[in-house]
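Participant: 3D model of this:
(2 chains)
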Amino acid sequence: MKTPSTSPHRWRLTADTVPYVLLAPFVILFLVFGLFPLGFSLFLAFQSWEPSAGLNTMKFVGWENFAFALEDEWFWKSLRNTAWLALVSGVPQHLVSIPLACFIHNAFKRWRNAVIGAYFLPYITSTVAIAMMFSSLFSTDYGLINQGLMALQAWLPWGTPQAPTDWLGQAENIKPAIAFVVFWRYVGFNTVLYLAALQTIPKDLYEAATMDGANAWKQFFYITLPSLKPMIFFGITLTIIGGLQLFEEPFILTGGRGGTDQAGMTTAMYMYRTAFEFNDFGTASALSWLLFVVVALLTWITNRAFKPRGGGA
Amino acid sequence: MKTSRFFKDRLSPIAAYLLVGLGAVVMLAPFYFMFVFATHSRTEIFNLPPPLLPGNDWAFNLAILTDKIPFWKSLGWSLYVALASTALTLVFCSMGGYAFAMFEFKFKKSLFLLVMGTMLIPSFLSMIPTFMVMDALGWIDQPRALYIPGAASAFGIFLMRQFISASIPKDLIEAARMDGCSELGIYARIVLPLLQPALGTLGLITFIASWNNFIGPLIVMRSPEMYTLPLALRSMQSPVNTEWGALMTGSAIATLPLLVLFVLSSRRLIDGLTTGAVK
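Facilitator: Coordinates of the predicted model:
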């Protein structure tokens, strides 16, 4: 029984005030740890500042940090590395996961969950454990990957024995090694996305096509792929956004420094190093905003490329 | 004609099964070797041929591990942060999701857009100022710097809202209100119990994310005594003389709880992690 005016619990929540109380944690945490850092990062991008010298040594420098970054050879190098890694690890993820998902969807019943689980497992494993695992597998002289490759070369009739590959030490091998680890880690996640999308395609579409005499390939190209288009768009967007932010895998695999000749240094890594290794918070903030512009631009381009033009409705 | 049918109907499915199976082996092999190497000394790991079966140097590796890094302490911090993060996230996200699913209020639309919008902010953008905020708050080397900031996550709030709108009827809440149940009572005694399956999913996801979190502790945990497991393991990596056996033992111990969780709940976890995409 509610008697609002005479209630002894005047602080008692009512249906009008309760949503604001319920959302207060989100709002407070967002203001302190979301909005403020974001604004402050934009502010910092126009300041020259070395944190060790104290807050009062901050100085407004206009666009200088951006100009510096745009003329910085390492920034462009890191951007090229990032693009290379995003492309070489990203494209195969989708080329493999779409057919894989179709096959699992059609052909697996009893073992379905086990197979999906096997492909998905790397996604929920700690990057550090993964990177450590691969560091030992990639090791030059006795690593299992080189051992396997050499055994393969000795066994294949046309193979010629070669010196073991220095995967994580030699500049030209670092990126392929990192790209493989990233591919390995995310291919299962994409497969699961496509499996979810495949379940929403109506079965009678295929039945009708079979009646009309369309073979499996035709059905794949004329029914499955077009129906998957929205998910392909979503998956590729996620891959682009994630790939351009790549940090943990290359950071740990190259010992935090980007490897020989910075061949494995991504832009996010360069930003981290600029801040915490070179102590230049202003330039690091400018770098993070430049990277943000690249991410936003590419997301927008993907959006344009996939959405039908001129509002077909 | 006959052979082509043979290829199509018999051989190509077999080839496809083989490929999928081979792929699954490639996915799982690194885990297998992590566990095998965890039981071998460093010299054995780099033998020719390398060990393919478990050995018996596990205790020896663990001794090196606990000698080089404060391993048990790091394990404790990881567990503590993951549990605190899970508990706090469940409370804050269920609150937020409940508000969006069951109430009409001013600014509801714009607040919801804001929540969803935070998912679009890339984490690298606020990395540096987050460090400065933590520094200003005196939260460097404090576990709360790891479990408080992300506790009202957009993903969690969205997941909770979806579940509540789909499975808890508004009439039930109205009826409880009519019967004089307090707002807090409705949340605690009606919404939370009905929300259990979704809380389980979000709890699992939060626990795993926190357990694996690397960038967060990398920014705020500065002294080795406060390192969580991923940071501690990474600190063992050195250009020369990495203790691979011990490192694999540590990685295996860090991975084992997740493997168990995953085997017990893979369906639920996978569904939860992909909800945003499907709905």
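
Participant: what's near enough to touch A:Ala86?
Facilitator: A:Thr239, A:Ile240, A:Gly243, A:Leu244, A:Leu246 (Cβ atoms under 8 Å, 6 or more residues apart in numbering or on different chains). In short, each C-beta sits where N, CA and C put it, glycine included.

Participant: And these, which is closest to chain B?
Facilitator: The closest of these to chain B turns out to be A:Leu244 (Cβ to the nearest Cβ; 8.4 Å).

Participant: list the contacts for that closest one?
Facilitator: A:Leu244 makes contact with A:Thr82, A:Ala83, A:Ala86, A:Thr267, A:Leu291, A:Val294, A:Val295, A:Leu298, according to Cβ under 8 Å, 6+ apart.

Participant: try it again with 6 Å
Facilitator: Counting by Cβ atoms under 6 Å, 6 or more residues apart in numbering or on different chains, A:Leu244 touches A:Thr82, A:Ala86, A:Val295.

Participant: Now the closest residue in space to it that isn't next to it in sequence: which helix or strand?
Facilitator: Leaving out its chain neighbours, the residue that sits closest to A:Leu244 by Cβ to Cβ, 6 or more residues apart in numbering or on different chains is A:Val295, at 4.9 Å. Assigned by DSSP states H and E, A:Val295 belongs to helix A:281-306.

Participant: by contact count, what packs against that helix?
Facilitator: helix A:36-44, helix A:64-71, helix A:225-244, helix A:267-276, helix B:127-137 (3 or more Cβ pairs under 6 Å, 6 or more residues apart in numbering or on different chains; DSSP states H and E).

Participant: tell me the angle the fourth one makes with helix A:225-244.
Facilitator: Angle, helix A:267-276 to helix A:225-244, by axes from the mean of the first three to the mean of the last three Cα atoms, to 10 degrees: 20 degrees.

Participant: what's the distance between B:Ser123 and chain A?
Facilitator: In this view, B:Ser123 and chain A are 7 Å apart by Cβ to the nearest Cβ, to the nearest Å.

Participant: Burial check on that residue, number of neighbours?
Facilitator: Close neighbours of B:Ser123, defined as other Cβ atoms under 10 Å in any protein chain shown, add up to 13.

Participant: Looking at the helices and strands packed on helix A:281-306, which one is packed in the most?
Facilitator: helix A:267-276 (a mean of 24; mean count of other Cβ atoms under 10 Å in any protein chain shown).

Participant: model confidence over that one, on average?
Facilitator: For helix A:267-276, mean pLDDT rounds to 93.

Participant: So which of the contacts of A:Leu244 is the closest to chain B?
Facilitator: Proximity of the contacts of A:Leu244 to chain B, judged by Cβ to the nearest Cβ, is greatest for A:Val295, which lies at 6.1 Å.

Participant: rewinding a little: between the helices and strands packed on helix A:281-306, which one is nearest to A:Leu95?
Facilitator: Ranking these by distance to A:Leu95, with Cβ to Cβ as the measure, places helix A:225-244 first at 11.1 Å.

Participant: In terms of secondary structure, what does the helix or strand that that closest one is followed by contact?
Facilitator: Remark: after helix A:225-244, the chain's next helix or strand is helix A:248-253, criterion DSSP H and E. Counting contacts by 3+ Cβ pairs under 6 Å, 6+ apart, helix A:248-253 packs against helix A:127-137, helix A:171-198.

Participant: For these, give me JSON lines that also has distance to A:Gln262.
Facilitator: Below are these laid out as JSON lines (distance: least, Cβ to Cβ, whole Å):
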{"stretch": "helix A:127-137", "distance to A:Gln262": "18"}
{"stretch": "helix A:171-198", "distance to A:Gln262": "8"}
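
Participant: Just say which of those is most tucked in.
Facilitator: Ranked by average neighbour count under the criterion mean count of other Cβ under 10 Å, those are headed by helix A:127-137 at a mean of 25.

Participant: Give me the angle between that helix and helix A:171-198.
Facilitator: Going by the same axes, to 10 degrees, helix A:127-137 makes 130 degrees with helix A:171-198.

Participant: on that earlier part again, going by distance to A:Ala45, which of the contacts of A:Ala86 wins?
Facilitator: A:Ala45 has its nearest neighbour among those in A:Leu244, at 18.4 Å by Cβ to Cβ.

Participant: how does the chain divide into domains?
Facilitator: You didn't say which chain, so I picked chain A. With domains defined by automatic domain parsing, chain A comprises A:14-60, A:64-306.

Participant: other chain: chain B
Facilitator: Annotated domains of chain B cover B:2-59, B:69-235 [automatic domain parsing].

Participant: chain center to the longest one: distance?
Facilitator: Pointing back at domain B:69-235 there. In terms of Cα atoms, centre = their mean, to the nearest Å, the centre of domain B:69-235 is set 12 Å apart from its chain centre.

Participant: same question, stretch B:38-49
Facilitator: With Cα atoms, centre = their mean, you get 31 Å for stretch B:38-49.

Participant: And the strands in chain B?
Facilitator: Assigned by DSSP state E, chain B shows no strands.
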